[in-house]
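Student: Mind looking at a prediction? Sequence and model below.
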Amino acid sequence: MTKDIKNMNYYEIEPEDNTFTDIVADITHRCNMECKNCYLPNRLPPDMSLEKFKEFVKRVPVGPKHAQRMFRILGAEPTLHKDCLGFVKAVLDAGHKCIILTNGLRLSSESYVQKLLDVGLEHIYISMNGVDRDDWYTAIDDMPCATKKLKALKNVANKFKLDIGCILVKGVNDDAPLRMVNLMKEYDIKNVTLRFKNVGQLGRYMAEIPDNWSMEDLVSIVAKQFNLSEKYIWDFYKINHRYHGAPEVCGIEFPVDSSQDPKDPKFRYNGIWIKLTDWGTDNEVGIPDPGNTRRGRITQDWKLAPFYEHVKRNEGGY
């Protein structure tokens, strides 16, 4: 569905004036998969320059430890960039936090995982839309890759702060939440955030709005599979984000263990947590979470713009 991008609150700022807590760096448009849901399906733009990125990072102000910027190194598939490790090092050397968001295929190599540890990376996000089932991966990501994904999970288990992402596609992987939690227990992964979202109608996608799960659906699915009340989950709606310091209307984050006190710092993000995110575009602007002030994206001319707004304005291109 195409909507009027004039409704967007789009703007660009210099890195010195940065107001975003999450900064997205799409360091490459190349990928070793052709997933059916991809906000960045154009493979033609050149890789991001590491030298220019280093200059950019130095221009982003460094806040106190509790307010460090989180640089999200992604792409298409960031580990395909020949200088991927250099991007991580540049962020950490500048005093910021860093996370790599990856499909995980290259993490099936123990030696590559060791290189990430050696450069100082502490935080990894792996996409696992099919959990441990090749039929789900084939249906959603067009590749039977469960073996490599599970090898990657084994290689990173309890070595990094770990996030696992999973797109829930109606009628395909509806049972993924419970299956994913059981997988974490099988691999004895102590602390992890499992992120479930619906299909976002950006770039290439496999579900239109009428065929997509809503946030209400996501809450219902997870509540039933984890034997939680929907009220318990909704009670976490619109609480302040863990480092942004402001509530988010597109997400709900909560611990599976309902006996925990999530407001107690010693429990915050210990154990298995769930993040539900509404990536749907059923709003007047036609993008996920319009007006979000947490996520910024590095633009073609080395400025910063709101992430979703910039992706939509450059859809099919950068």
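Tutor: In hand now; what should we look at?
Student: what sits opposite W273 in the beta ladder?
Tutor: T193, P255 (DSSP bridges).
Student: residue contacts, it?
Tutor: Contacts for W273 (Cβ atoms under 8 Å, 6 or more residues apart in numbering) come out as V192, T193, L194, E253, F254, P255, V256. The way it works is simple: take the backbone N, C-alpha and C, and place the C-beta from them, glycine included.
Student: Now, of these, which are buried?
Tutor: V192, T193, L194, E253, F254, P255, V256 (16 or more other Cβ atoms under 10 Å).
Student: Look up how far M33 lies from the second one.
Tutor: Using Cβ to Cβ, to the nearest Å, one gets 22 Å for the distance from T193 to M33.
Student: ok, N158 - how many residues close by?
Tutor: Other residues near N158 come to 11 when the count uses other Cβ atoms under 10 Å.
Student: no no, S259
Tutor: Using other Cβ under 10 Å, the number of residues around S259 comes to 6.
Student: Just put the buried ones among the contacts of W273 in JSON lines and tack on distance to T21 and pLDDT.
Tutor: Listed next are the buried ones among the contacts of W273 as JSON lines, based on distance: Cβ to Cβ, whole Å; pLDDT from 0 to 100:
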{"residue": "V192", "distance to T21": "21", "pLDDT": "96"}
{"residue": "T193", "distance to T21": "16", "pLDDT": "96"}
{"residue": "L194", "distance to T21": "22", "pLDDT": "98"}
{"residue": "E253", "distance to T21": "15", "pLDDT": "92"}
{"residue": "F254", "distance to T21": "21", "pLDDT": "92"}
{"residue": "P255", "distance to T21": "22", "pLDDT": "92"}
{"residue": "V256", "distance to T21": "25", "pLDDT": "93"}
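Student: Which pair of those spans the longest distance?
Tutor: V192 and F254 (13.7 Å; Cβ to Cβ).
Student: who touches the closest residue to F160 other than its chain neighbours in this structure?
Tutor: The spatially closest residue to F160, leaving aside those adjacent along the chain, is I124, at 4.5 Å (Cβ to Cβ, 6 or more residues apart in numbering). Taking Cβ under 8 Å, 6+ apart, we find I124 in contact with I99, I100, T102, L107, L116, V156, F160, K161, L162, D163.
Student: Buried by neighbour count, from these: which ones?
Tutor: Listed as buried from these are I99, I100, T102, L107, L116, V156, F160, L162, D163; burial here means 16+ other Cβ under 10 Å.
Student: shaky segments in the chain?
Tutor: For the chain, residues meeting the criterion pLDDT under 70 lie at 1-6, 64-67, 240-247, 262-263, 265-268.
Student: Show me the strands in the protein, by range?
Tutor: 22-28, 70-75, 97-102, 123-127, 161-167, 192-197, 251-255, 272-277, 295-298, 304-306 (DSSP state E).
Student: May I see those strands organised as TSV, with distance to L50 added?
Tutor: Converted to TSV, the strands of the chain look like this (distance: least, Cβ to Cβ, whole Å):
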stretch	distance to L50
strand 22-28	8
strand 70-75	11
strand 97-102	14
strand 123-127	20
strand 161-167	24
strand 192-197	28
strand 251-255	32
strand 272-277	30
strand 295-298	13
strand 304-306	18
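Student: For C145, find the nearest of these.
Tutor: strand 123-127 (10.3 Å).
Student: quick one: P255 from P78, how far?
Tutor: For P255 relative to P78 (Cβ to Cβ), the value is 29 Å.
Student: which stretches of the protein form helices?
Tutor: Ranges of helices within the chain are 50-59, 84-93, 110-119, 134-141, 146-156, 176-186, 215-226, 230-234, 307-313, based on DSSP state H.
Student: any idea which of those helices is most buried?
Tutor: Of the helices of the chain, the one with the most neighbours on average (mean count of other Cβ atoms under 10 Å) is helix 307-313, at a mean of 23.
Student: Which other helices and strands does that helix contact?
Tutor: strand 295-298 (3 or more Cβ pairs under 8 Å, 6 or more residues apart in numbering; DSSP states H and E).
Student: nearest to Y10, of the strands of the chain?
Tutor: Nearest to Y10, of the strands of the chain and by Cβ to Cβ, is strand 304-306 at 6.6 Å.
Student: now for that closest one, which elements pack on it?
Tutor: Against strand 304-306 (3+ Cβ pairs under 8 Å, 6+ apart) you get strand 295-298.
Student: Tell me the strands beside the strand it packs on, with direction?
Tutor: strand 22-28 (parallel), strand 304-306 (antiparallel).
Student: out of those, nearest to E208?
Tutor: Comparing the strands paired with strand 295-298 against E208 with Cβ to Cβ, the closest turns out to be strand 304-306 (24.1 Å).
Student: Any chance you could list what contacts that closest one?
Tutor: 9-15, 18, 20, 23, 291-293, 295-299.
Student: and I167, bridged to which residues?
Tutor: With DSSP bridges as the rule, I167 is bridged to K197.
Student: before we move on, the earlier item: can you list the strands paired with strand 295-298 in a markdown table and add distance to I233?
Tutor: Conversion of the strands paired with strand 295-298 to a markdown table gives the following (distance: least, Cβ to Cβ, whole Å):
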| stretch | distance to I233 |
| --- | --- |
| strand 22-28 | 23 |
| strand 304-306 | 27 |
